[in-house]
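Chemist: sequence? don't have it. structure:
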């Protein structure tokens with residue numbers, strides 16, 4: 001699926017489902033669970049956050065319900081989704097940006113990404129490594145990225161499932177401070193990479 005096909009895919013979903021996780025190919029529960037896991041990266045209070053693949057801006061809304069002060073920016077490659085995110089959350093910053101082509105502008109305490117590159121493009125493995133590497137270079141404290149897991153044994157047409165061990169092996173080239181979460185949905189995993197070891201109790205739920 002090329003960029004044009006990707007835009008057409010999500011624009012069609014947006015027309016069909018509107019301001020719903022289903023527009024982003026998620027279920028309500030699946031989106032909530034993934035957000036809860038990303039929330040566990042650390043204390044967001046007073047931090048700057050970059051959300052790659054921000055979609056309809058729902059992660060901003062999730063954070064706003066839990067954190068009193070933070071700086072947020074969302075990137076997405078689909079202009080219609082960015083427009084919708086602005087309408088949903090006019091007090092947040094969203095922009096059309098393809099980080100694989102244009103890179104990341106600035107530095108952020110945390111860089112997070114949920115479900116980016118889950119649709120099959122024919123080059124997902126290289127794209128995911130580029131995403132992880134680019135996010136890491138832009139993060140001052142850590143990154144959190146989730147993706148579909150090959151460990152589930154599940155196969156879906158037009159979806160790409162990643163091998164957690166291969167992703168972990170690549171992450172270890174960047175930092176020894178890595179956390180792999182594969183305990184919340186059987187077909188999904190999240191990887192955290194840190195600059196420094198998180199203080200005990202600093203992460204929500206610790």
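Modeler: All right, it came through fine. For clarity, every value in this text was computed on a predicted model and none was experimentally measured.
Chemist: please count neighbours and contacts with C-alpha atoms only from this point.
Modeler: Fine.
Chemist: what is the neighbour count of residue 190?
Modeler: 23 (other CA atoms under 10 Å).
Chemist: from residue 12, how far out is the spatially most central residue of the chain?
Modeler: Centroid-nearest residue in the chain: residue 113, 1.3 Å away (criterion: CA atoms, centre = their mean). Applying CA to CA, to the nearest Å, the value for residue 113 to residue 12 is 22 Å.
Chemist: all strands for this structure, in order.
Modeler: All strands of the chain, identified by DSSP state E, fall at 48-52, 71-76, 93-96, 108-114, 139-148, 178-181, 188-194.
Chemist: so what sits opposite residue 188 in the bridge?
Modeler: With DSSP bridges applied, residue 188 shows beta-bridge pairing to residue 148.
Chemist: what's the burial count for it?
Modeler: Residues near residue 188, counting by other CA under 10 Å, number 22.
Chemist: list the contacts of it.
Modeler: By CA atoms under 8 Å, 6 or more residues apart in numbering, residue 188 lies in contact with 146, 147, 148, 149, 152, 182.
Chemist: quick revisit: hang on, the residue nearest to the centre of the chain packs against residue 142?
Modeler: No: between residue 113 and residue 142 there is no contact under CA atoms under 8 Å: 11.9 Å.
Chemist: show me what the helix or strand of the chain with the lowest mean pLDDT is packed up against.
Modeler: Every helix and strand of the chain was ranked by mean pLDDT, DSSP states H and E. The lowest is helix 3-17, at a mean of 89. Identification of packing neighbours for helix 3-17 by 3 or more CA pairs under 8 Å, 6 or more residues apart in numbering; DSSP states H and E yields helix 79-88.
Chemist: tell me the angle of the helix it packs on relative to strand 71-76?
Modeler: Computed with axes from the mean of the first three to the mean of the last three CA atoms, to 10 degrees, the direction of helix 79-88 lies at 150 degrees from that of strand 71-76.
Chemist: for helix 79-88, buried residues please.
Modeler: By 16 or more other CA atoms under 10 Å, the buried positions in helix 79-88 come out as 79, 80, 81, 82, 83, 84, 85, 86, 88.
Chemist: could you do stretch 166-186 as well?
Modeler: Per 16+ other CA under 10 Å, stretch 166-186 contains these buried residues: 167, 168, 171, 174, 178, 180, 182.
Chemist: isn't the third one right next to residue 193, touching?
Modeler: Translated: residue 171. Yes: using CA under 8 Å, residue 171 is in contact with residue 193, at 7.2 Å.
Chemist: shared neighbours of the two, anything?
Modeler: residue 178.
Chemist: circling back to that earlier point, can you pull the pLDDT of the residue nearest to the centre of the chain?
Modeler: Looking at residue 113, its pLDDT reads 98.
Chemist: contacts only, for residue 134.
Modeler: Counting by CA under 8 Å, 6+ apart, residue 134 touches 99, 100, 103, 104.
Chemist: so who does residue 61 touch?
Modeler: Counting by CA under 8 Å, 6+ apart, residue 61 makes contact with residue 89.
Chemist: 7 Å instead, please
Modeler: By CA atoms under 7 Å, 6 or more residues apart in numbering, the contact set of residue 61 is empty.
Chemist: and it, how far is that from residue 68?
Modeler: 12 Å.
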